[in-house]
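Colleague: Return a 3D structure for these sequence lines:
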Amino acid sequence: MTRDFGWDSEGRFRTPSGDVCPPDVPAAEGVLLDLSQSGPASHLDLVEVPDKKMLVDVVRFMFLELPRMGDPLATPLLSAFGFVPVVAGWLREKTKYGIHVHGPSGTLKSVVCRALQALYGPDFSTEPLMSWTGTPYSLQSSGHGFKDALAVVDDYKVSTFQNPQAIQAVIQNYADGAARSRLDRASKLLPTVPFRGWLVSNGEDPLDGSASSTARILPLQWNPVKCGQQLVDRLRSFQKRFSGFTREFVGYLQELGIEKVRDVVDQFSRRGILGGSANGPRLAEALALNRASFVLASRCAHERLGALDSAELEELKSLYSRCEESWCHSLELRVGELEPGALFLHLLRDCIASTPGLVLRGNDTGRDSIGFVKGDALCLFWEKAFAAVRDLAGKSGNPFPLSGTAVLADLDRTRNIKRGRRDRIRTQVRRGGLRVQVVRIPVSVVGLSPDNSLDTEDDDEEGAE
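Modeller: Now for the predicted structure:
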């Protein structure tokens, strides 16, 4: 008897509904797969969908509808990770990474994550997900049974871990395939049970923001979706059959063979990412595996099932490339060694995008604003703008380590400050009949458009201190 779901040494994929075997390998005889004592992993199963038309409908929903109904950036990237456990297990990949989906409450993060968990068993569409409210050891133990499968852990909050080092230990052990040892009542060492699933974490708060943690658990921002109830209804209609496609995907990889699958992964290697950063190679391998899994799964839908035509396949490749480019830029900012000005501008863009009314336009007023647009310049009330960026960095778990003076000097060095007529960094401009002291930066560097509704002719007449 075995309790190991997934790939075995002969290339079979063990599942309660029957093994998926390569063409030249028979089903395992006399070795029963029993997951009944595996806790949350007892629901793992790849259940065949006998109605091929229904399966095609399921696949078309997964690849064509779901990305449009969910977060348009995050959904394709997260969906691709749903197939990574199968690909990585087939290749016996040693590199391990996960994804942490974070965003406001009520934006259907958990709904979509639950649907992806259903790629590995129809019962997951209704069963409770694992939760970060458990102890680190209980999470480790629960995740042990998810070999070669996705393992969703829901409801992450910073307040869950009173000791910040606890979450770092969970992440480190997960990525390294290690486990915390424990003693029994007789002080004998118990067998270690590492978290063998592929982690999808979900919650309102970002995880620990250190570069090392970010390279192991890739952060993915989730934004509100426009068609929430429609998405919920469509997922209810299809997600119980998701594992049927995973079963087909396993067979597709077996037909391709390990070498051809390895070639696809190597094709997408981004070894130059982050230059000489210590975390660059780990991140490059993760991105390559994520993209290759998406490409292989979409090819399976096209070649094995005929669920996607050639034009749709190319459209999906382009979609993923656009999403990955944005994601990669965000990861580089978090993991790479950024100059002070570049880091400040990145966080400033996030501040503006996430807080309506933070930047004023025209004759708008607002006590909580950090600046206003005038012509082609964003005029920042510097102390307020710097405080907003520092607060955002602190909430993400990665405190901003630089002074306002250092940031101003670097922005000036890189010509991202529009100096006044007296060649000073801080200038005086007129707004609402009053002169105010600001630091001006080009609107283009934070993704804003110019505003020419205000007169700029007499700006900086008297200079600034």
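Colleague: where along this protein do the strands fall?
Modeller: Ranges of strands within the chain are 6-7, 13-14, 98-102, 130-131, 150-156, 198-203, 217-221, 359-360, 371-374, 377-380, 426-431, 434-442, based on DSSP state E.
Colleague: Where is the longest helix in this protein?
Modeller: Longest helix in the chain, counting residues (DSSP state H): helix 310-335.
Colleague: Which strands or helices does it pack on?
Modeller: The helices and strands touching helix 310-335, judged by 3 or more CB pairs under 8 Å, 6 or more residues apart in numbering; DSSP states H and E, are helix 74-81, helix 211-216, strand 217-221, helix 280-299, helix 340-354. Every residue, glycine included, has its C-beta placed from N, CA and C.
Colleague: can we see that at 6 Å?
Modeller: Using 3 or more CB pairs under 6 Å, 6 or more residues apart in numbering; DSSP states H and E, the elements in contact with helix 310-335 are helix 74-81, helix 211-216, helix 280-299.
Colleague: To Val438, which of the ones you listed lies closest?
Modeller: Distances from Val438 to each of these were compared using CB to CB; the minimum, 33.0 Å, belongs to helix 211-216.
Colleague: Tell me the gap between stretch 3-11 and the middle of its chain.
Modeller: 28 Å (CA atoms, centre = their mean, to the nearest Å).
Colleague: er, stretch 315-323 actually
Modeller: In terms of CA atoms, centre = their mean, the gap separating the centre of stretch 315-323 from the centre of its chain is 16 Å.
Colleague: Can you name the residues in contact with it?
Modeller: 73, 76-77, 294, 298 (CB atoms under 6 Å, 6 or more residues apart in numbering).
Colleague: again, 7 Å this time
Modeller: For stretch 315-323, the surrounding residues in contact (CB atoms under 7 Å, 6 or more residues apart in numbering) are 63, 67, 73, 76-77, 80, 291, 294-295, 298.
Colleague: these two touch, right, Gly6 and Ala88?
Modeller: No - distance between Gly6 and Ala88: 10.3 Å, which falls outside the contact criterion (CB atoms under 7 Å).
Colleague: one step back: mind putting the strands of the chain in a markdown table, distance to Tyr137 and mean pLDDT included?
Modeller: What follows is the strands of the chain, written out as a markdown table (distance: least, CB to CB, whole Å; pLDDT from 0 to 100):
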| stretch | distance to Tyr137 | mean pLDDT |
| --- | --- | --- |
| strand 6-7 | 23 | 96 |
| strand 13-14 | 26 | 96 |
| strand 98-102 | 18 | 94 |
| strand 130-131 | 13 | 90 |
| strand 150-156 | 14 | 93 |
| strand 198-203 | 16 | 94 |
| strand 217-221 | 18 | 91 |
| strand 359-360 | 46 | 93 |
| strand 371-374 | 48 | 93 |
| strand 377-380 | 47 | 94 |
| strand 426-431 | 54 | 89 |
| strand 434-442 | 49 | 92 |
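Colleague: picking that back up, can you pull the buried residues of the longest helix of the chain?
Modeller: Under the neighbour-count criterion of 16 or more other CB atoms under 10 Å, helix 310-335 has 312-313, 316, 319-320, 323-324, 327-328, 330-335 buried.
Colleague: ok and it relative to helix 280-299, angle-wise?
Modeller: 160 degrees (axes from the mean of the first three to the mean of the last three CA atoms, to 10 degrees).
Colleague: ok and helix 310-335 relative to helix 340-354, angle-wise?
Modeller: Using the same axes, to 10 degrees: helix 310-335 against helix 340-354 is 120 degrees.
Colleague: Any stretches of this structure with poor pLDDT?
Modeller: 160-165, 179-191, 208-212, 270-278, 333-338, 396-399, 401-402, 454-465 (pLDDT under 70).
Colleague: domain parsing for it?
Modeller: Following automatic domain parsing, one gets these domains for the chain: 6-335, 343-446.
Colleague: do you know which of the ones you listed lies nearest Asn452?
Modeller: Each of these has some distance to Asn452 by CB to CB; the shortest is domain 343-446, at 6.0 Å.
Colleague: ok, now which ones touch the nearest residue to Val59 once chain neighbours are set aside?
Modeller: With CB to CB, 6 or more residues apart in numbering as the criterion, Val59 has its nearest non-adjacent residue at 4.0 Å, and that residue is Ala307. Going by CB under 7 Å, 6+ apart, Ala307 touches 56, 59-60, 301.
Colleague: is it true that Tyr252 touches Arg304?
Modeller: Yes - taking contact to mean CB under 7 Å, the distance of 5.0 Å between Tyr252 and Arg304 places them in contact.
Colleague: Who has more neighbours out of those two?
Modeller: For Tyr252 versus Arg304, neighbours defined as other CB atoms under 10 Å are more numerous around Tyr252 (20 against 15).
Colleague: ok, and for stretch 417-426, which residues are buried?
Modeller: Under the neighbour-count criterion of 16+ other CB under 10 Å, stretch 417-426 has 417-418, 420, 425-426 buried.
Colleague: which of these sit farthest apart?
Modeller: Put simply, by CB to CB the two of the buried residues of stretch 417-426 set farthest apart are Lys418 and Arg426, 11.3 Å from each other.
Colleague: hang on, the earlier thing: out of the contacts of Ala307, which comes closest to Thr15?
Modeller: Looking at these and their distance to Thr15, the nearest is Val59, at 18.9 Å (CB to CB).
Colleague: Next, work out how far apart that closest one and Val84 are.
Modeller: Applying CB to CB, to the nearest Å, one obtains 18 Å for the distance of Val59 from Val84.
Colleague: Repeat that for Val436.
Modeller: In this structure, Val436 and Val84 are separated by 52 Å, where distance is defined by CB to CB.
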